[in-house]
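K.L.:
With the sequence up front, the predicted model follows.
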Amino acid sequence: MSRWGKSISSAPEFVDYKATKQRPLPMLYQSGYLTIKGYNQRRNTYLLDFPNEEVRSGMASALAADYFGNKSRSSTWLDNVSDSLEAGDLKKFKLQLTAFLANISYRFQRKQDAMECERHFQYTFYLIMCLLGRYNTYIEKETSQGRIDCILECPDYVYIFEFKLNSTAEVALKQIEEKGYALPYAADPRKIYKVGISFSSETGTVNDFGYSYMTNNRDYTHISSKNS
């Protein structure tokens, strides 16, 4: 189950009738795009989420329009990304992701705030994964040793993603290994890809991309250079 769309909020954050671009939660709740799925009495907070998959998909498509510019372009690009992931072609996927991020207006990036900048890249990646729609996607999945940024399960491949900002793919891959993020898939017959991605706050796109893969319980590694 994807965690994309879930929000833990106090009542004043979403029952207020004054919604702005900076605070869209009241509008999303009052218009029915989000509904209450849980309540923590001790903390007096509510769990908000999309009421169903149709609403979630519609919202994701609307958000994507701001990035792609038009629906037909987004559909073609997503089909191409699906082809790359279903074929295990991470070299092509890297090029597609890099080009996509480079096409986003600098106005959407928050280069002065490191936390917001990292969040921008993460949410953009999560949006892409959710828009693919046809695969099991796990976002910020918790394990006994940490929290995995993103897992994508395709018919023949499983992708475990770890993200870094202004760092290296090697650092991200090291975290996947040290935290044992791939252990739950040790007996899975599919090919397991561990993917480290570093985003650059300066260029607004991918600055390093590397991966290792596991098949038949054996690890094979390839670290891409920053310029490849």
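P.N.:
Received it, and whenever you're ready, just let me know what you need.
K.L.:
which helix of this protein spans the most residues?
P.N.:
Using DSSP state H to define each element, the chain has its longest helix at helix 114-132.
K.L.:
what helices or strands is that one leaning on?
P.N.:
If contacts are counted by 3 or more Cβ pairs under 8 Å, 6 or more residues apart in numbering; DSSP states H and E, helix 114-132 sits against helix 53-68, helix 71-86, helix 90-102, strand 136-142, strand 147-153, strand 157-165, strand 191-199. Where you see a C-beta, it was placed from the backbone N, CA and C, and this is true even at glycine.
K.L.:
Swap in 6 Å and give it another go.
P.N.:
Contacts defined by 3 or more Cβ pairs under 6 Å, 6 or more residues apart in numbering; DSSP states H and E place helix 114-132 against helix 53-68.
K.L.:
Could I get the average pLDDT for the helix it packs on?
P.N.:
Mean pLDDT, computed over helix 53-68, is 69.
K.L.:
same question, stretch 145-159
P.N.:
92.
K.L.:
any residues touching it, and which ones?
P.N.:
85-86, 88, 129, 135-141, 160-163, 179-181, 185, 190-193, 195 (Cβ atoms under 6 Å, 6 or more residues apart in numbering).
K.L.:
Give the PyMOL command for selecting the buried subset of these.
P.N.:
Remark: buried members of the contacts of stretch 145-159, expressed as a PyMOL selection using 16 or more other Cβ atoms under 10 Å:
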select buried, resi 85+88+129+135+137+138+139+141+160+161+162+163+179+181+185+191+192+193+195
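K.L.:
any idea of the angle the longest helix of the chain forms with helix 90-102?
P.N.:
120 degrees (axes from the mean of the first three to the mean of the last three Cα atoms, to 10 degrees).
K.L.:
mind listing what's buried in helix 114-132?
P.N.:
Quick answer for helix 114-132 (16+ other Cβ under 10 Å): 117-118, 120-122, 124-126, 128-132.
K.L.:
Next, format those as CSV and append pLDDT.
P.N.:
Output for the buried residues of helix 114-132, formatted as CSV (pLDDT from 0 to 100):
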residue, pLDDT
Cys117, 77
Glu118, 78
His120, 77
Phe121, 84
Gln122, 82
Thr124, 82
Phe125, 87
Tyr126, 82
Ile128, 83
Met129, 83
Cys130, 75
Leu131, 76
Leu132, 79
